[in-house]
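# make a model of this:
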Amino acid sequence: MRRGKNRIMWVVALALSALVLTWAAGATAAGHLPGKGKSVDPAKGTWTTGFFQAELVNRGMEELGYTVHRTKELSNPIFYQAVAYGDVDYWANGWFPLHDAQVPADFDEKASKVGMIAERAGVQGYLVSKDAADKFNITTLNDFKRPEVKEAFDSNGDGKADLVACPPGWGCAEVIPHHLKVYGLEEHINAIQANYSASFADAVTRYKAGQPVLAYTWAPNWTVFLLKPGEDVYWLNVPEIIPTESQKPFKEALTATGVKGAISDPLKMGFVANNIRIVANNEFLKANPAAKRFFELVKMDVADIAQQNYLMHQGEDDDSDIQRHVSEWIEENQATWDSWIEEAKAAAR
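Numbers count the residues shown, from 1 in each chain. This is a model prediction of the structure:
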(Lines give C-alpha, C1' and ligand atoms only; values in the text may rest on other atoms or scores of the structure.)
Protein backbone atom coordinates (compact mmCIF):
# COMPACT_ATOMS: atom_id res chain seq x y z
CA MET A 1 0.00 0.00 0.00
CA ARG A 2 2.80 2.37 0.96
CA ARG A 3 4.64 1.45 -2.27
CA GLY A 4 1.55 2.39 -4.30
CA LYS A 5 1.24 5.68 -2.45
CA ASN A 6 4.91 6.49 -3.08
CA ARG A 7 4.44 5.74 -6.78
CA ILE A 8 1.47 8.12 -6.95
CA MET A 9 3.50 10.85 -5.22
CA TRP A 10 6.37 10.25 -7.65
CA VAL A 11 4.05 10.59 -10.66
CA VAL A 12 2.54 13.80 -9.25
CA ALA A 13 6.03 15.22 -8.65
CA LEU A 14 7.02 14.44 -12.23
CA ALA A 15 3.86 16.10 -13.51
CA LEU A 16 4.49 19.20 -11.41
CA SER A 17 8.09 19.37 -12.64
CA ALA A 18 6.91 19.16 -16.23
CA LEU A 19 4.43 21.97 -15.62
CA VAL A 20 7.14 24.13 -14.06
CA LEU A 21 9.50 23.49 -16.98
CA THR A 22 6.74 24.25 -19.50
CA TRP A 23 5.85 27.47 -17.72
CA ALA A 24 9.50 28.49 -17.51
CA ALA A 25 10.02 27.81 -21.21
CA GLY A 26 6.92 29.82 -22.07
CA ALA A 27 8.01 32.67 -19.86
CA THR A 28 11.45 32.67 -21.47
CA ALA A 29 9.90 32.68 -24.96
CA ALA A 30 7.48 35.46 -24.07
CA GLY A 31 10.33 37.56 -22.72
CA HIS A 32 12.69 36.76 -25.59
CA LEU A 33 14.16 39.92 -27.07
CA PRO A 34 16.21 39.06 -30.16
CA GLY A 35 17.68 42.55 -30.34
CA LYS A 36 18.92 42.65 -26.75
CA GLY A 37 22.52 43.86 -26.63
CA LYS A 38 22.44 45.02 -30.27
CA SER A 39 22.21 48.54 -31.68
CA VAL A 40 20.94 49.76 -35.04
CA ASP A 41 21.58 52.83 -37.19
CA PRO A 42 18.43 53.85 -39.09
CA ALA A 43 17.97 56.60 -41.66
CA LYS A 44 15.01 58.56 -43.02
CA GLY A 45 14.35 60.73 -46.06
CA THR A 46 14.48 64.50 -46.12
CA TRP A 47 10.73 64.82 -46.82
CA THR A 48 8.68 65.16 -43.64
CA THR A 49 5.80 63.03 -44.93
CA GLY A 50 7.99 59.94 -44.49
CA PHE A 51 8.95 60.60 -40.86
CA PHE A 52 5.89 58.76 -39.49
CA GLN A 53 6.72 55.45 -41.18
CA ALA A 54 10.37 55.82 -40.17
CA GLU A 55 9.54 56.23 -36.48
CA LEU A 56 6.93 53.47 -36.54
CA VAL A 57 9.55 51.00 -37.76
CA ASN A 58 12.04 52.27 -35.18
CA ARG A 59 9.45 51.67 -32.45
CA GLY A 60 9.09 48.08 -33.56
CA MET A 61 12.84 47.60 -33.42
CA GLU A 62 12.85 48.94 -29.86
CA GLU A 63 10.13 46.48 -28.87
CA LEU A 64 12.30 43.71 -30.27
CA GLY A 65 15.03 44.80 -27.86
CA TYR A 66 17.32 46.76 -30.16
CA THR A 67 18.94 50.02 -29.08
CA VAL A 68 17.98 52.43 -31.86
CA HIS A 69 20.50 55.18 -32.47
CA ARG A 70 19.45 58.63 -33.61
CA THR A 71 17.89 58.49 -37.08
CA LYS A 72 20.06 60.08 -39.79
CA GLU A 73 18.21 62.32 -42.24
CA LEU A 74 19.69 61.64 -45.68
CA SER A 75 18.99 62.51 -49.30
CA ASN A 76 18.11 59.53 -51.48
CA PRO A 77 21.43 58.98 -53.32
CA ILE A 78 23.44 59.32 -50.11
CA PHE A 79 21.19 56.87 -48.28
CA TYR A 80 21.39 54.19 -50.97
CA GLN A 81 25.18 54.43 -50.98
CA ALA A 82 25.26 54.38 -47.17
CA VAL A 83 22.98 51.37 -46.76
CA ALA A 84 24.83 49.41 -49.46
CA TYR A 85 28.12 49.87 -47.63
CA GLY A 86 26.75 49.37 -44.11
CA ASP A 87 27.06 52.94 -42.86
CA VAL A 88 23.36 52.77 -41.96
CA ASP A 89 21.21 49.67 -41.51
CA TYR A 90 17.79 50.54 -42.96
CA TRP A 91 15.09 53.09 -43.73
CA ALA A 92 11.33 52.92 -44.29
CA ASN A 93 11.25 55.55 -47.05
CA GLY A 94 11.97 53.62 -50.22
CA TRP A 95 9.76 54.66 -53.16
CA PHE A 96 9.99 52.25 -56.09
CA PRO A 97 10.36 52.41 -59.01
CA LEU A 98 10.99 56.15 -58.46
CA HIS A 99 14.22 55.54 -56.54
CA ASP A 100 15.55 52.80 -58.84
CA ALA A 101 17.61 55.32 -60.81
CA GLN A 102 19.33 56.49 -57.60
CA VAL A 103 20.70 53.20 -56.30
CA PRO A 104 24.37 52.28 -56.94
CA ALA A 105 25.25 49.70 -59.59
CA ASP A 106 26.06 46.99 -57.04
CA PHE A 107 23.04 47.75 -54.85
CA ASP A 108 21.33 44.35 -55.18
CA GLU A 109 24.47 42.58 -53.96
CA LYS A 110 24.62 44.63 -50.79
CA ALA A 111 21.08 45.74 -49.88
CA SER A 112 17.46 44.65 -50.33
CA LYS A 113 13.97 46.03 -50.64
CA VAL A 114 12.02 44.29 -47.89
CA GLY A 115 8.27 43.97 -47.40
CA MET A 116 5.64 46.40 -48.67
CA ILE A 117 4.56 49.21 -46.32
CA ALA A 118 2.06 50.49 -48.90
CA GLU A 119 1.59 49.02 -52.37
CA ARG A 120 1.14 51.39 -55.36
CA ALA A 121 0.37 54.14 -52.86
CA GLY A 122 2.67 56.92 -53.98
CA VAL A 123 0.74 58.93 -56.60
CA GLN A 124 2.57 61.92 -58.10
CA GLY A 125 1.82 64.66 -60.57
CA TYR A 126 1.17 68.35 -61.25
CA LEU A 127 -1.59 70.40 -59.65
CA VAL A 128 -3.03 73.52 -61.30
CA SER A 129 -5.53 76.00 -59.85
CA LYS A 130 -9.05 74.97 -60.85
CA ASP A 131 -10.27 78.51 -61.53
CA ALA A 132 -7.26 79.35 -63.68
CA ALA A 133 -7.49 76.04 -65.56
CA ASP A 134 -11.14 76.74 -66.36
CA LYS A 135 -10.45 80.37 -67.31
CA PHE A 136 -7.50 79.67 -69.63
CA ASN A 137 -8.62 76.20 -70.78
CA ILE A 138 -5.49 74.55 -69.36
CA THR A 139 -5.44 70.77 -69.78
CA THR A 140 -1.71 69.90 -70.15
CA LEU A 141 1.70 71.34 -69.34
CA ASN A 142 1.91 72.42 -72.99
CA ASP A 143 -0.59 75.19 -72.28
CA PHE A 144 2.10 77.00 -70.30
CA LYS A 145 3.74 77.90 -73.60
CA ARG A 146 0.89 80.36 -74.20
CA PRO A 147 1.83 83.96 -73.27
CA GLU A 148 -1.37 84.70 -71.34
CA VAL A 149 -0.94 81.55 -69.24
CA LYS A 150 2.72 82.22 -68.47
CA GLU A 151 1.89 85.78 -67.44
CA ALA A 152 -0.88 84.63 -65.09
CA PHE A 153 1.42 82.13 -63.31
CA ASP A 154 4.51 84.37 -63.21
CA SER A 155 4.89 85.68 -59.67
CA ASN A 156 8.45 87.04 -59.92
CA GLY A 157 8.32 88.76 -63.31
CA ASP A 158 10.91 86.61 -65.09
CA GLY A 159 8.55 85.83 -67.96
CA LYS A 160 8.07 82.18 -66.96
CA ALA A 161 5.28 80.38 -65.14
CA ASP A 162 6.37 79.38 -61.64
CA LEU A 163 6.28 75.69 -60.72
CA VAL A 164 6.74 74.43 -57.16
CA ALA A 165 9.15 71.59 -57.93
CA CYS A 166 11.27 69.60 -55.46
CA PRO A 167 14.80 69.87 -54.03
CA PRO A 168 17.85 68.13 -55.50
CA GLY A 169 18.24 64.56 -54.27
CA TRP A 170 14.56 63.66 -54.51
CA GLY A 171 13.42 61.25 -57.21
CA CYS A 172 11.12 63.87 -58.74
CA ALA A 173 14.11 66.19 -59.13
CA GLU A 174 15.15 63.96 -62.02
CA VAL A 175 11.72 63.50 -63.59
CA ILE A 176 10.61 67.15 -63.62
CA PRO A 177 13.67 68.43 -65.58
CA HIS A 178 13.12 65.53 -67.99
CA HIS A 179 9.54 66.69 -68.55
CA LEU A 180 10.55 70.31 -69.10
CA LYS A 181 13.20 69.25 -71.61
CA VAL A 182 11.27 66.69 -73.70
CA TYR A 183 8.14 68.86 -73.87
CA GLY A 184 10.12 72.00 -74.78
CA LEU A 185 9.11 73.85 -71.63
CA GLU A 186 12.46 75.01 -70.24
CA GLU A 187 11.91 78.54 -71.59
CA HIS A 188 8.34 78.67 -70.36
CA ILE A 189 8.32 77.19 -66.83
CA ASN A 190 10.56 78.08 -63.90
CA ALA A 191 11.00 75.03 -61.64
CA ILE A 192 11.52 76.26 -58.06
CA GLN A 193 13.85 73.83 -56.26
CA ALA A 194 13.89 75.42 -52.82
CA ASN A 195 12.66 73.87 -49.56
CA TYR A 196 9.53 72.04 -50.67
CA SER A 197 7.34 72.67 -47.62
CA ALA A 198 8.12 76.38 -47.64
CA SER A 199 7.58 76.67 -51.40
CA PHE A 200 4.25 74.87 -51.28
CA ALA A 201 3.11 76.91 -48.28
CA ASP A 202 3.94 80.05 -50.29
CA ALA A 203 1.86 78.67 -53.18
CA VAL A 204 -1.08 78.12 -50.81
CA THR A 205 -0.76 81.74 -49.61
CA ARG A 206 -0.80 82.96 -53.21
CA TYR A 207 -3.80 80.74 -54.00
CA LYS A 208 -5.75 82.14 -51.05
CA ALA A 209 -4.94 85.64 -52.31
CA GLY A 210 -6.60 84.77 -55.61
CA GLN A 211 -3.45 84.05 -57.61
CA PRO A 212 -3.11 80.90 -59.76
CA VAL A 213 -0.60 78.22 -58.80
CA LEU A 214 1.18 75.31 -60.45
CA ALA A 215 2.83 72.72 -58.23
CA TYR A 216 4.26 69.24 -58.23
CA THR A 217 3.03 67.08 -55.37
CA TRP A 218 2.39 63.53 -54.33
CA ALA A 219 -0.09 61.62 -52.21
CA PRO A 220 -0.35 60.68 -49.40
CA ASN A 221 0.70 64.19 -48.43
CA TRP A 222 -0.58 67.17 -46.45
CA THR A 223 -0.65 69.25 -49.63
CA VAL A 224 -3.80 67.60 -50.95
CA PHE A 225 -5.60 68.49 -47.72
CA LEU A 226 -4.84 72.19 -48.24
CA LEU A 227 -5.42 72.29 -51.99
CA LYS A 228 -8.04 69.64 -52.62
CA PRO A 229 -8.06 68.00 -56.07
CA GLY A 230 -11.42 68.57 -57.72
CA GLU A 231 -12.25 71.53 -55.48
CA ASP A 232 -9.26 73.86 -55.44
CA VAL A 233 -7.00 72.28 -58.05
CA TYR A 234 -6.88 69.71 -60.83
CA TRP A 235 -4.33 66.98 -61.45
CA LEU A 236 -2.86 68.08 -64.79
CA ASN A 237 -1.83 66.03 -67.87
CA VAL A 238 1.63 65.93 -69.37
CA PRO A 239 1.36 66.47 -73.17
CA GLU A 240 2.30 62.89 -74.02
CA ILE A 241 3.93 59.95 -72.32
CA ILE A 242 7.70 60.13 -72.80
CA PRO A 243 9.27 58.10 -69.98
CA THR A 244 12.68 58.50 -68.41
CA GLU A 245 15.02 55.51 -68.74
CA SER A 246 14.01 54.24 -65.30
CA GLN A 247 10.30 54.68 -66.13
CA LYS A 248 10.39 52.73 -69.41
CA PRO A 249 9.59 49.33 -67.83
CA PHE A 250 6.50 50.94 -66.25
CA LYS A 251 5.31 53.03 -69.21
CA GLU A 252 1.67 51.90 -68.97
CA ALA A 253 1.54 52.99 -65.32
CA LEU A 254 2.33 56.59 -66.28
CA THR A 255 -1.33 56.94 -67.33
CA ALA A 256 -3.95 56.48 -64.62
CA THR A 257 -7.72 56.15 -64.52
CA GLY A 258 -10.13 57.09 -61.76
CA VAL A 259 -7.85 59.72 -60.22
CA LYS A 260 -9.95 61.97 -58.00
CA GLY A 261 -9.71 65.59 -59.13
CA ALA A 262 -8.08 64.77 -62.49
CA ILE A 263 -8.61 67.25 -65.31
CA SER A 264 -9.36 64.28 -67.60
CA ASP A 265 -9.92 60.55 -67.36
CA PRO A 266 -7.64 58.83 -68.13
CA LEU A 267 -4.94 61.15 -66.85
CA LYS A 268 -1.40 61.30 -68.25
CA MET A 269 0.38 61.87 -64.95
CA GLY A 270 3.93 61.32 -66.20
CA PHE A 271 4.85 59.65 -62.91
CA VAL A 272 4.55 56.01 -61.88
CA ALA A 273 2.50 55.04 -58.83
CA ASN A 274 5.09 53.83 -56.34
CA ASN A 275 5.44 51.14 -53.72
CA ILE A 276 6.63 52.38 -50.32
CA ARG A 277 9.14 49.85 -48.97
CA ILE A 278 11.78 49.31 -46.32
CA VAL A 279 15.35 49.07 -47.61
CA ALA A 280 18.05 47.38 -45.52
CA ASN A 281 21.66 46.25 -45.70
CA ASN A 282 21.98 42.56 -46.60
CA GLU A 283 24.53 41.74 -43.89
CA PHE A 284 22.28 43.36 -41.32
CA LEU A 285 19.30 41.29 -42.51
CA LYS A 286 21.33 38.08 -42.40
CA ALA A 287 22.47 38.76 -38.84
CA ASN A 288 19.01 39.88 -37.65
CA PRO A 289 16.24 37.51 -38.77
CA ALA A 290 13.79 39.08 -36.31
CA ALA A 291 14.29 42.51 -37.85
CA LYS A 292 13.97 41.07 -41.34
CA ARG A 293 10.67 39.38 -40.48
CA PHE A 294 9.35 42.55 -38.85
CA PHE A 295 10.23 44.55 -41.96
CA GLU A 296 8.35 42.02 -44.09
CA LEU A 297 5.21 42.36 -41.97
CA VAL A 298 4.83 46.15 -41.58
CA LYS A 299 1.91 47.54 -43.61
CA MET A 300 0.01 50.82 -43.36
CA ASP A 301 -3.12 52.30 -44.87
CA VAL A 302 -2.23 55.35 -46.99
CA ALA A 303 -5.18 57.20 -45.41
CA ASP A 304 -3.47 56.83 -42.02
CA ILE A 305 -0.25 58.25 -43.42
CA ALA A 306 -2.04 61.19 -45.03
CA GLN A 307 -3.93 61.96 -41.82
CA GLN A 308 -0.72 62.02 -39.81
CA ASN A 309 0.97 64.18 -42.44
CA TYR A 310 -1.85 66.70 -42.10
CA LEU A 311 -1.43 66.77 -38.32
CA MET A 312 2.24 67.58 -38.85
CA HIS A 313 1.38 70.40 -41.20
CA GLN A 314 -1.02 71.76 -38.59
CA GLY A 315 1.90 72.15 -36.19
CA GLU A 316 2.21 68.73 -34.57
CA ASP A 317 5.60 68.23 -36.13
CA ASP A 318 8.29 67.92 -33.47
CA ASP A 319 9.76 64.60 -32.35
CA SER A 320 7.43 64.24 -29.36
CA ASP A 321 4.39 64.81 -31.60
CA ILE A 322 5.51 62.16 -34.08
CA GLN A 323 6.20 59.69 -31.27
CA ARG A 324 2.70 60.35 -29.93
CA HIS A 325 1.22 59.75 -33.39
CA VAL A 326 3.10 56.44 -33.53
CA SER A 327 1.79 55.43 -30.09
CA GLU A 328 -1.77 56.32 -31.10
CA TRP A 329 -1.49 54.32 -34.34
CA ILE A 330 -0.18 51.29 -32.46
CA GLU A 331 -2.97 51.54 -29.89
CA GLU A 332 -5.58 51.67 -32.65
CA ASN A 333 -3.99 48.66 -34.36
CA GLN A 334 -2.81 46.83 -31.23
CA ALA A 335 -3.74 43.27 -32.20
CA THR A 336 -2.03 43.56 -35.57
CA TRP A 337 1.02 45.23 -34.03
CA ASP A 338 1.36 42.55 -31.35
CA SER A 339 1.16 39.83 -33.99
CA TRP A 340 3.99 41.46 -35.95
CA ILE A 341 6.22 41.64 -32.85
CA GLU A 342 5.54 38.05 -31.81
CA GLU A 343 6.09 36.69 -35.31
CA ALA A 344 9.34 38.65 -35.57
CA LYS A 345 10.52 37.23 -32.23
CA ALA A 346 9.68 33.72 -33.39
CA ALA A 347 11.86 34.17 -36.49
CA ALA A 348 14.94 34.47 -34.26
CA ARG A 349 14.33 31.37 -32.13
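# how about the residue nearest to residue 42 when sequence neighbours are not counted, what does it touch?
Nearest residue to residue 42 in three dimensions, chain neighbours excluded: residue 71, at 4.9 Å (C-beta to C-beta, 6 or more residues apart in numbering). Where C-beta positions appear, they are placed from N, C-alpha and C, glycine not excepted. Counting by C-beta atoms under 8 Å, 6 or more residues apart in numbering, residue 71 touches 42, 43, 44, 54, 55, 58.
# which members of these define the maximum pairwise distance?
43 and 55 (12.2 Å; C-beta to C-beta).
# what about residue 107, neighbour count?
Neighbours of residue 107 under the rule other C-beta atoms under 10 Å: 18.
# so who does it touch?
80, 84.
# state the distance from it to residue 187.
Separation of residue 107 from residue 187 (C-beta to C-beta, to the nearest Å): 36 Å.
# how about low-confidence regions in the stretch 51-200 of the chain?
Nowhere does the stretch 51-200 of the chain drop to pLDDT under 70.
# now the strands for it?
Assigned by DSSP state E, counting those that start in this stretch, the strands in the stretch 51-200 of the chain fall at 67-68, 72-73, 90-96, 111-129, 161-164, 189-192.
# what's the closest of these to residue 279?
strand 90-96 (4.3 Å).
# can you tell me the closest non-neighbouring residue to residue 65?
Leaving aside its sequence neighbours, residue 65 sits nearest to residue 33 (C-beta to C-beta, 6+ apart; 2.9 Å).
# got the domain ranges for the chain?
39-120+275-347, 122-273 (automatic domain parsing).
# what about the helices in the chain?
With helices called from DSSP state H, the chain shows them at 2-30, 51-63, 76-84, 107-110, 130-136, 147-152, 172-182, 196-208, 223-226, 282-287, 289-297, 302-313, 319-332, 334-347.
# make JSON lines out of these and add distance to residue 251.
Output for these, formatted as JSON lines (distance: least, C-beta to C-beta, whole Å):
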{"stretch": "helix 2-30", "distance to residue 251": "50"}
{"stretch": "helix 51-63", "distance to residue 251": "28"}
{"stretch": "helix 76-84", "distance to residue 251": "22"}
{"stretch": "helix 107-110", "distance to residue 251": "23"}
{"stretch": "helix 130-136", "distance to residue 251": "26"}
{"stretch": "helix 147-152", "distance to residue 251": "28"}
{"stretch": "helix 172-182", "distance to residue 251": "13"}
{"stretch": "helix 196-208", "distance to residue 251": "27"}
{"stretch": "helix 223-226", "distance to residue 251": "25"}
{"stretch": "helix 282-287", "distance to residue 251": "30"}
{"stretch": "helix 289-297", "distance to residue 251": "29"}
{"stretch": "helix 302-313", "distance to residue 251": "24"}
{"stretch": "helix 319-332", "distance to residue 251": "36"}
{"stretch": "helix 334-347", "distance to residue 251": "36"}
